[in-house]
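**Q** predicted model and sequence follow; I will ask about them next.
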Amino acid sequence: MKVGFVGLGRMGQAIAGRILGAGHDLVVFNRTAEKASELAKAGARVASSVAGACEGREVVITMLTDDAALREVTLNPGGLRDSISAGAIHLTMGTHSAGAIQELAAVHARANQVLAAAPVLGRPDMAASGQLGIVAAGPADALQKCEPLFQVMGRRTFHAGAKPEHSIAIKLANNFLLGCAIGSMAEGFSLVRKYGVVPQVFYEVMTESLFAAPAYKVYGKIMVDESYDKVGFTTLLGLKDFNLIMAAADMARVPLPSGNAFRDRLLGAVAHGNGEKDWSVAAREQARASGLE
Amino acid sequence: MNVGFIGLGRMGKGMASRILSGGHDLVVYDVVPQATAEFAQSGARVASSVADVCKDREVVITMLAEDFAVHEVAFGSGGMCASLPPGAIHMAMGTYGIATIRALETAHAGANQILLAVPVLGRPDLAATGQLGIVPAGPEEALKRCEPLFQVIARRVFHAGPKPESASAIKLANNAVLGCAITAMGEAFSLIRKYGVEPQVLYDVMSEGLFAGAPAYVGYGKTMVDETYDKVGSPVTIGLKDANLIAAAANIARVPMPSHDVYIERLLGAMANGDGDRDQAVLAREQARASGLE
């Protein structure tokens, strides 16, 4: 397939590498050009503009960190709206707001183009080995065209529905559950600590029974070890995601009281200077609220 | 060992029969006489009162559903404090509140007896096969004496420390995390439903990803997808009873638990709307109601 790729952060580079490795014709663009050098060595053509990455492409993938970057790349003069062919697909793979995705779907539809959204589940190392989970949504024929790409990127594709925002809702709901798991574990650890329990014991009780899952094992361990400086996902990024979640809930009129509680913990953690630490530092914030720090 | 056992409900039955088949000398007691029938047949002695079940016992286990029941059994006239021999152990295995555990500890100490708190993790089927997790806490010497009992009751022993209330705190905190997980799942399902997504998709994403292998998500999530709230594992009423114990423990220790507060509100709402006897997964329906979906 003829594929364009815009946004070569850690995830983007890894995903683009998989596409190239599978033999697709790949053109890449990144605002910071150095980030394209590895891919160039591996045989990708490097475009000098967004428009250059769109020309003659069947699919252009964007993997951008926020809504602002996505809007800029799509709507600015020479952006995807102006540059991708009629009938071509814009496939967004970043975690964006439901609102932005709805808005851009309408923009592309007016230009006779198609928007599909396929946010990913997993870390950059999983992206590099093609082990991501992919949550795909959009018009069925567009998703079918993208299927060969999903196959080289991911271990498993979850089809969320016919509207691009369907996959956004799933991705945000999954992140929401993770955040709430972190928030409630934090409360559990503070409670047992106040009763003189060694945190490790509570960790074992949780992870050897009801909560024998990666979310609890990974983040519970960080809380036990208080190794918040080994950052998987920062508090600030967590806060960004929770703001997207609460905005999506607001649009759909869904009260999320657990989400509000956790978002407040994240805000407190940022207020206390822990914005760049791993977001499980919410446990320290909870401990502080409990008079333990 | 010479063991007494008070409280032969669904959990107690399974645990007591493990002790009996482990070769221990067992005396049982329950306020409902029929509950003891099968034990008489399989070789246990059936006591006629709490005082009777305490006679000559090294350990007496209580497995009762409510704090008030253990209060009555321990502090009533002819109760355990009055009847246990000096040096004997009261092993409290129900999920009791912190204040109750502290009161029992003090009263038993005053009578020269010992309290251990040993709450259990697992369902009646696991109790019957000796596959429970147990969380013992109390004086080390007493724990050591009870080790042979732990071995026949449990697959895994999590030692919580020398203070009985430490074990209660762990059990309550574990329940709190479960309640929060159920609540959060309810919220997540409402969110995606409002965007027109099939609940099964979120279930697949969570149960094959971050939450793979966790019975809390795999089990309760499935009940939410199928809306089979009438197949009751743990009903809302029991959830609320435990949640109130958790809130009380948090209050005593001065720990704000905002996520758990949300869980209590949802439990109350479910009861107010007539879902008290349904499975706790019905909190997803309560959340859906709050979101204008029902």
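**A** Noted; the coordinates are in hand. Since the model is a prediction, treat every value here as computed from it, not as a measurement. Residues are numbered from 1 along each chain as shown, chains lettered A, B, ... in the order given.

**Q** need the strands for the stretch 51-200 of chain B, in chain order.
**A** Using DSSP state E, counting those that start in this stretch, the strands of the stretch 51-200 of chain B run over residues B:59-62, B:89-92, B:114-117, B:120-121, B:132-134, B:154-157.

**Q** Throw the ones you listed into CSV and include mean neighbour count and mean pLDDT, thanks.
**A** Backbone N, C-alpha and C define where each C-beta goes, glycine included. Putting the strands of the stretch 51-200 of chain B into CSV (neighbours: other C-beta atoms under 10 Å in any protein chain shown; pLDDT from 0 to 100) gives the following:
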stretch, mean neighbour count, mean pLDDT
strand B:59-62, 26, 98
strand B:89-92, 28, 98
strand B:114-117, 26, 98
strand B:120-121, 22, 96
strand B:132-134, 23, 97
strand B:154-157, 18, 97
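
**Q** in JSON lines: the ones you listed, plus distance to chain A.
**A** Listed next are these as JSON lines, based on distance: least, C-beta to the nearest C-beta, whole Å:
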{"stretch": "strand B:59-62", "distance to chain A": "20"}
{"stretch": "strand B:89-92", "distance to chain A": "15"}
{"stretch": "strand B:114-117", "distance to chain A": "11"}
{"stretch": "strand B:120-121", "distance to chain A": "5"}
{"stretch": "strand B:132-134", "distance to chain A": "6"}
{"stretch": "strand B:154-157", "distance to chain A": "6"}
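
**Q** spit out the contact partners of the nearest residue to residue B:136 once chain neighbours are set aside.
**A** Excluding its sequence neighbours, the residue lying closest to residue B:136 (C-beta to C-beta, 6 or more residues apart in numbering or on different chains) is residue B:118, at 4.3 Å. Residue B:118 makes contact with B:91-93, B:134-138, B:146, B:150, B:167, according to C-beta atoms under 8 Å, 6 or more residues apart in numbering or on different chains.

**Q** do that again at 7 Å, thanks
**A** Counting by C-beta atoms under 7 Å, 6 or more residues apart in numbering or on different chains, residue B:118 touches B:91-93, B:134-136, B:167.

**Q** how close does the residue lying closest to residue A:49 once chain neighbours are set aside sit to residue A:26?
**A** Using C-beta to C-beta, 6+ apart and skipping the chain neighbours, the partner closest in space to residue A:49 is residue A:78 (6.2 Å). Distance of residue A:78 to residue A:26, computed by C-beta to C-beta, to the nearest Å: 20 Å.

**Q** of the two, which one has the most company?
**A** Remark: of residue A:78 and residue A:26, residue A:26 carries more neighbours, 25 against 13, as counted by other C-beta atoms under 10 Å in any protein chain shown.

**Q** what residues are bridge-paired with that one?
**A** Residues in a beta bridge with residue A:26, per DSSP bridges, are residue A:3.

**Q** what's the neighbour count on residue A:288?
**A** Look at residue A:288: counted by other C-beta under 10 Å, it has 15 neighbours.

**Q** which regions of chain A lie under the pLDDT threshold?
**A** Applying pLDDT under 70 to chain A picks out no residues at all.

**Q** the residue nearest to residue A:49 belongs to a strand?
**A** No - counting by DSSP: H, G, I helix; E, B strand; the rest coil, residue A:78 falls outside a strand, being coil.

**Q** for it, list the residues it contacts.
**A** A:49-51.

**Q** may I see the strands of the stretch 51-200 of chain B organised as JSON lines, with distance to residue A:67 added?
**A** Formatted as JSON lines, these follow (distance: least, C-beta to C-beta, whole Å):
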{"stretch": "strand B:59-62", "distance to residue A:67": "58"}
{"stretch": "strand B:89-92", "distance to residue A:67": "55"}
{"stretch": "strand B:114-117", "distance to residue A:67": "51"}
{"stretch": "strand B:120-121", "distance to residue A:67": "44"}
{"stretch": "strand B:132-134", "distance to residue A:67": "45"}
{"stretch": "strand B:154-157", "distance to residue A:67": "47"}
